[in-house]
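Visitor: Prediction below, plus the sequence it came from.
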Amino acid sequence: MSEPILEVKNLKKYFKTNSGIVHAVDDCTFSIQKGKTLGVVGESGCGKSTTGRCILRLIEPTSGSIRFMGEEITTMNRKQMLGVRKNMQIIFQDPYYSLNPRNTVYQSIAAPILQNKLIPGAKKIQIEERVLELMETVGLAERFINSYPHELDGGRRQRIGIARALAMEPQFIVCDEPVSALDVSIQAQILNLLQELQETRNLTYMFITHDLSVVNYFSDDIVVMYLGQIVEQAPAEKLFDKPLHPYTKALLSAELEPVVGANTKRIQLKGELSSPLDPPDECRFAKRCQYHCAECNCGTPPLIEVEPDHFVACHLVK
Ligand SMILES: Nc1ncnc2c1ncn2[C@@H]1O[C@H](COP(=O)(O)OP(=O)(O)OP(=O)(O)O)[C@@H](O)[C@H]1O
Ligand code: SF4
Ligand SMILES: [Mg+2]
């Protein structure tokens, strides 16, 4: 078994608002092995992006530990953190908003190279060579080098985002819904590119998505989040074969095509995900759970290893 590149323990991120305290990420613990992909799945607002942003310290965690390549990063100063960031990058959902509309492809990809002095004392020609090399790596034709983001389709814009992340030669990338803003036909191309890059560069991914079919295709392990908490965590195959948490079961039954003749029933998820504002000490899924019973009324269920490598937070799954 390879060593973990990232270990997150009891991570919390609370936002103080006028209406109360939003428990966006509430006591999450997980790790990612080097060269592997951890899929993070859950409905909108469950805390996926906040978790990813805390890991890169783009926002400050409220508490908890984040160890990256063996080092605690939550206590690092700005300068130390800049060093770490060369090794951890993020790809955003909508490249249109993460790219400066006034910058050409060349300027967008050259920016991290220049800002981080990745080629010390480099002349323009060397920077241009590196930009072209990165464009080739992500499958962006040379003729687009002077194009602006609005002149390109979503897939090509996302390729710029990936090239910018790769410019730093990172070992770990948080992919925050990298294909959900793209047409289905282009989604597959970008997923294939990310997979190819992982294989050739031994990259480690935290892959955030609300799309279970994407997470199944892509992940070694999966974390299912609900209102800021991890409710189930397992190797991908195990989670898809034998989901144990009522929320995971409902998500899977809604997403996957029923097998012809199989005794599978679609579980309706009633109501919307509520807000993680000042949540009471109880199971956060209780209001939507079809199995809710008296046994559930004894505080927030802890995440327990119910079989090897399979963790579930439900009072009825032991
Ligand atoms: N700066 C902020 N101030 C207050 N609340 C916030 C802030 N950022 C996020 N939140 C809240 O934290 C919760 C988690 O948000 P987050 O963006 O992490 O969810 P998500 O799972 O990434 O959702 P989506 O799938 O829509 O991207 C939400 O309730 C959101 O409204
Ligand atoms: S603890 Fe109870 S309410 Fe919560 S998921 Fe389990 S069965 Fe449902
Ligand atoms: Mg998000």
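Guide: Received it, and whenever you're ready, just let me know what you need. All values derive from a computational prediction rather than experimental measurement. Ligands and ions are numbered 1, 2, ... in the order given.
Visitor: Spell out which parts of the stretch 101-250 of the chain neighbour ligand 1.
Guide: Residues of the stretch 101-250 of the chain lying close to ligand 1 (Cβ under 6 Å from any ligand atom) are His210. (C-beta placed from N, C-alpha, C; glycine too.)
Visitor: Get me the contact residues on the stretch 101-250 of the chain for ligand 2.
Guide: Near ligand 2, when you scan the stretch 101-250 of the chain using Cβ under 6 Å from any ligand atom, you find Pro246.
Visitor: Low-confidence ranges, the stretch 101-250 of the chain, go.
Guide: For the stretch 101-250 of the chain, no stretch is flagged by pLDDT under 70.
Visitor: List the contacts of Phe144.
Guide: Going by Cβ atoms under 8 Å, 6 or more residues apart in numbering, Phe144 touches Val105, Met135, Leu152, Arg156.
Visitor: Could you tell me how far it is located from ligand 1?
Guide: According to Cβ to the nearest ligand atom, to the nearest Å, Phe144 stands 28 Å off from ligand 1.
Visitor: what do you get for Ile230?
Guide: Relative to ligand 1, Ile230 is positioned 12 Å away (Cβ to the nearest ligand atom).
Visitor: Bridged to that residue, which residues?
Guide: Beta-bridge partners for Ile230, by DSSP bridges, are Met225.
Visitor: and what of Ile208?
Guide: Val40, Asp176.
Visitor: what about Ile5, helix or strand, and which?
Guide: Taking DSSP states H and E as the criterion, Ile5 maps to strand 4-17.
Visitor: roughly how far out does that strand sit from the chain middle?
Guide: Centre-to-centre, strand 4-17 and its host chain are 13 Å apart (Cα atoms, centre = their mean, to the nearest Å).
Visitor: Direction included, what does that strand pair up with?
Guide: Strand pairing for strand 4-17, using DSSP bridges, gives strand 20-33 (antiparallel), strand 63-68 (antiparallel).
Visitor: Please enumerate residues in contact with the shortest one?
Guide: When you say that, I think you mean strand 63-68. Here strand 63-68 makes contact (Cβ under 8 Å, 6+ apart) with 5-12, 27-28, 54-55, 57, 72-74, 84, 87-88, 172.
Visitor: out of those residues, which are buried?
Guide: Buried subset of these (neighbour count, 16 or more other Cβ atoms under 10 Å): 5-8, 11-12, 27-28, 54-55, 57, 73-74, 84, 87-88, 172.
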